[in-house]
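Colleague: Provided below are the primary sequence and the corresponding predicted coordinates.
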Amino acid sequence: MVFGVQQIGSLGANIWIRQWANQYTVESAKSIDGLSSYNYVGHAASTIQMASSGLSKVQPWFDPNKTSIIAKVAPDVDVGYYLAVYAAIGTACMLVAFFRDLWLFFGSLTASWTIHQKLMQSVTRAKFKFFDVTPLGQLMNRFSKDLEAVDQEVAPIAIGVMSCALAILVTIALITAITPGFLGAGVVISGMYFMVGKFYLRSSRDLKRIESIQRSPLFQQFGETLSGITTIRAYGEEQRFIRDNMLKINTHNRPFIFLWAANRWLAFRIDVVGDLVAFFAGAFVIFSIGSIDSGSAGLSLSYAISFTENVLWLVRLYAMNEQNMNSVERIKEYLDVEQEAPAVIEETRPAANWPSQGSVEFIGYTTRYRSDLEPVLREVTFKIKPLEKVGIVGRTGAGKSSLALALFRGLEAEAGKILIDDVDIGLIGLQDLRESITIVPQDPTLFTGTIRSNLDPFGLFTDEDIFTALRRVQLIGVPTSTTEPSTPLASSRPGTPGGESTPSTTGGSSPITNKNIFLNLSSTVTESGNNLSQGQRQLLCLARALLKNPKVLMMDEATASIDYNTDSKIQETIRELKSTIITIAHRLQTIVDYDKVLVLDKGEVVEYGHPHELLKKDGEGAIFKSMCETSGELEALQKAAKKAWDAGKLVDDE
């Protein structure tokens, strides 16, 4: 309705100008004597004769500083009246157009903001399997180019489509009203426009879709190249990755070039067909001489000339609108991805101090990553008592990491259930579950910020608590004074367990030392912790977990990149924790003195018991013993397991 009012207002302004021009013709005819005695053939010839005679009569009076030719020809025309009405129409059209654009752009901004919020929420709440099958380049494409189209292109192009469509309807209606015979030619011309536009829309829509699809591999390859640039340089493969990048750029540009070629194809054919509109409009004006006034004829011809441009832009903008809707369609695809369970379920919310004991029990648990894949865990059943320390071992693909995902409901149960302190975790909200237990993942995850923001993002702990956690994972040494250091004045090798200073002299100058960045909680951590070594990142993640002092702690090969001496000290710290600890082990000596060892094979539990008992087994079922023999440390592992067994018996007897 708003677009229609604006177009009608624009038409009204032109009709008023026609009325104003016709008034001069009438008044000039009254002011010229004797012209009525002449008999001219046709109204057009009469108008020309009147104008020329009027000009010849008033020319001797003409003084540009005092009057005008028009005023002498038609002195009775009220210029102020016509100008005031024209100004009023123009002002009204301006206000309507301003309201239209303001309304549409604010609506578009609101819609874009809402779409972005929903997309962000949908992706961050998507199931883990979504990220297993979705390349990072596709996500970057959706959040960059596709959202840019929604933000910046949909609204202005929608305005253009509506304006051009209504302008074409107004033009056809106006020309038909002035010269009704044009309607027949207009039907044929409209059919030609429809055929050309339909052909163009089909090709341009698919070309745009291909171009959008080809952008994701380009983003993916470029991101992978930046991430692995050191490895690429080390192997001298720069040229191969440059060629791959150029190939993907060409693949992406090809549909873009074809899209613009199709655009030029459209412009030529629309111009040819549009010329027919101007031709037939002019022809019917000539055929109607004597039955229409000059103002109407001029109005019809001026609209006919602009008709071609309006049709060209209608087809082009409509095609661009459909292409932009490709971006909306691609975003909609990610809005509909399968979501995780709710964060909080009030009806089944556990107690505030849950879990208070730390018992974990799997009962007939079966799960798979996707419905079309084989189960990764099959009928898993075992129970971990409160404060027990259990190691999980198995060959690659046995289901160890899948077990960790299952505990955090990264994988949902297909059958069976998991109980923590007798609470079925499948019935509670994910936020309550994941805030109550802690995992140290295999790949350490750090964020841009400081050491403090990575260890305590919610500001729940004091500096002393944080330094204690760093000391427990051997990132800083024991303080030499009662005051805990909070500035990088103390010096040590970064990441060395003891935090010893390493002075060196050069030419008798003052000692040069390496500062331990972990002594200053404001030290910078770059993106993904790239300014730290892999071992330091793992220790920092472990410190973050220990800081929470959880009742259930899951460690997924958390010390794989740490040297043996540091690892042994950390294991001593872990054994002192008053928590239920589940460790996915990469070194058998770290879990051989645990309370239990769970052996997985092809997603099934094949052995579960104390390491000493498992090492006494023989035959094909002794998988844990076979793994210890393969490591070449069977005797040492047996001694450690026996020592732990005896210590446990002694505690039980007491």
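Modeller: Alright, I've got the coordinates.
Colleague: residue ranges of each domain in this protein, please.
Modeller: Using automatic domain parsing, the domain parsing of the chain gives 2-335, 340-437+550-654, 446-502+511-543.
Colleague: I'd like the ones you listed as CSV, with mean pLDDT and mean neighbour count appended.
Modeller: In short, each C-beta sits where N, CA and C put it, glycine included. Listed next are the domains of the chain as CSV, based on pLDDT from 0 to 100; neighbours: other C-beta atoms under 10 Å:
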stretch, mean pLDDT, mean neighbour count
domain 2-335, 77, 16
domain 340-437+550-654, 85, 17
domain 446-502+511-543, 73, 17
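Colleague: who are the packing partners of the host helix or strand of Q638?
Modeller: For Q638, the host element (DSSP states H and E) is helix 634-653. Counting contacts by 3 or more C-beta pairs under 8 Å, 6 or more residues apart in numbering; DSSP states H and E, helix 634-653 packs against helix 588-591, helix 611-615, helix 623-631.
Colleague: dump those helices to JSON lines, plus distance to Y365.
Modeller: Formatted as JSON lines, these follow (distance: least, C-beta to C-beta, whole Å):
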{"stretch": "helix 588-591", "distance to Y365": "21"}
{"stretch": "helix 611-615", "distance to Y365": "22"}
{"stretch": "helix 623-631", "distance to Y365": "20"}
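Colleague: these: which one's closest to L407?
Modeller: Proximity to L407 (C-beta to C-beta) singles out helix 588-591 among the helices and strands packed on helix 634-653, at 17.1 Å.
Colleague: what strands flank whichever helix or strand comes after the closest one, and is each parallel or antiparallel?
Modeller: Using DSSP H and E, the helix or strand that follows helix 588-591 in sequence is strand 596-601. Strand 596-601 pairs in its sheet with strand 389-393 (parallel), strand 604-609 (antiparallel), by DSSP bridges.
Colleague: contacts for strand 596-601?
Modeller: The contact list for strand 596-601 (C-beta atoms under 8 Å, 6 or more residues apart in numbering) reads 382, 384, 388-395, 398-400, 403, 591, 605-611, 614, 623-624, 627.
Colleague: over to stretch 391-408?
Modeller: Contacts to stretch 391-408, defined as C-beta under 8 Å, 6+ apart, come from residues 128, 360, 365, 367, 369, 376-377, 380, 411, 413, 418, 425, 433-434, 437, 439, 442, 554, 556, 582-585, 588, 590-592, 594, 596-604, 611, 624, 627.
Colleague: can you give me the helices in the stretch 401-550 of the chain?
Modeller: For the stretch 401-550 of the chain, helices defined by DSSP state H, counting those that start in this stretch occupy the ranges 430-436, 451-455, 463-472, 534-548.
Colleague: mind putting those into a markdown table with distance to V188?
Modeller: Below are the helices of the stretch 401-550 of the chain laid out as a markdown table (distance: least, C-beta to C-beta, whole Å):
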| stretch | distance to V188 |
| --- | --- |
| helix 430-436 | 64 |
| helix 451-455 | 71 |
| helix 463-472 | 81 |
| helix 534-548 | 73 |
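Colleague: so which of the ones you listed gets nearest F219?
Modeller: helix 534-548 (25.7 Å).
Colleague: now the element after the helix ranked longest in the chain, going C-ward?
Modeller: If you go by DSSP state H, the chain has its longest helix at helix 238-287. Downstream of helix 238-287, the first helix or strand assigned by DSSP H and E is helix 294-335.
Colleague: and that next one, how far out from the chain's middle?
Modeller: Taking C-alpha atoms, centre = their mean, to the nearest Å, one finds helix 294-335 lying 29 Å from the centre of the chain it belongs to.
Colleague: after that helix comes which helix or strand?
Modeller: Next helix or strand after helix 294-335 toward the C-terminus (DSSP H and E): strand 360-367.
Colleague: next, the angle from the helix or strand following that next one to strand 596-601.
Modeller: Going down the chain from strand 360-367, the next helix or strand is strand 377-384, by DSSP H and E. Put simply, strand 377-384 runs at 180 degrees to strand 596-601, going by axes from the mean of the first three to the mean of the last three C-alpha atoms, to 10 degrees.
Colleague: quick check, central residue of the chain?
Modeller: F143 (2.4 Å; C-alpha atoms, centre = their mean).
Colleague: and the closest residue to that one other than its chain neighbours, what does it touch?
Modeller: Nearest residue to F143, sequence neighbours excluded (C-beta to C-beta, 6 or more residues apart in numbering): L119, at 7.4 Å. By C-beta under 8 Å, 6+ apart, the contact set of L119 is 142-143, 147, 331, 334-335.
Colleague: from F447, how far off is L119?
Modeller: L119 is 21 Å from F447, where distance means C-beta to C-beta, to the nearest Å.
Colleague: kindly report the same for S402.
Modeller: Taken as C-beta to C-beta, the span from S402 to F447 is 26 Å.
Colleague: just want the phi and psi numbers for E620.
Modeller: Dihedral pair for E620: phi -70, psi -30, per degrees, to the nearest 10.
Colleague: quick revisit: looking at the strands paired with strand 596-601, which is closest to G535?
Modeller: Once those are compared by C-beta to C-beta, strand 389-393 is nearest, at 20.9 Å.
Colleague: what angle separates that closest one from strand 360-367?
Modeller: Going by the same axes, to 10 degrees, strand 389-393 makes 20 degrees with strand 360-367.
Colleague: right, and D244 touches Q220 too?
Modeller: No - under the criterion of C-beta atoms under 8 Å, D244 is not in contact with Q220, lying 10.8 Å apart.
Colleague: three-state assignment of L387?
Modeller: Classification of L387 by DSSP: H, G, I helix; E, B strand; the rest coil places it in coil.
Colleague: separation between it and I232?
Modeller: Counting by C-beta to C-beta, the gap from L387 to I232 is 48 Å.
Colleague: what do you get for D595?
Modeller: Applying C-beta to C-beta, one obtains 46 Å for the distance of D595 from I232.
Colleague: identify the residues contacting P550.
Modeller: P550 makes contacts with 436-438, 579, as judged by C-beta under 8 Å, 6+ apart.
Colleague: against which helices or strands is the one helix or strand Y193 maps to packed?
Modeller: Using DSSP H and E, Y193 sits in helix 182-227. If you count contacts as 3+ C-beta pairs under 8 Å, 6+ apart, helix 182-227 packs onto helix 136-141, helix 154-178, helix 238-287, helix 294-335.
Colleague: could you point out which element follows it?
Modeller: helix 229-234.
Colleague: how far is that next one from where the chain is centred?
Modeller: In terms of C-alpha atoms, centre = their mean, the centre of helix 229-234 is found 29 Å from the chain centre.
Colleague: same question for stretch 148-159.
Modeller: The chain centroid and the centroid of stretch 148-159 are separated by 17 Å under C-alpha atoms, centre = their mean.
Colleague: could you check how far the closest residue to Q323 other than its chain neighbours is from L312?
Modeller: Among residues not flanking Q323 along the chain, K208 sits closest, at 3.8 Å (C-beta to C-beta, 6+ apart). Using C-beta to C-beta, we find K208 at a distance of 19 Å from L312.
Colleague: go on, T583?
Modeller: From T583 across to L312, the span is 70 Å (C-beta to C-beta).
Colleague: ok, D78 next?
Modeller: According to C-beta to C-beta, D78 stands 40 Å off from L312.
Colleague: returning to that earlier point: residues touching the residue nearest to Q323, list them.
Modeller: Contacts were defined as C-beta under 8 Å, 6+ apart; by that measure K208 touches 255, 259, 322-323, 326.
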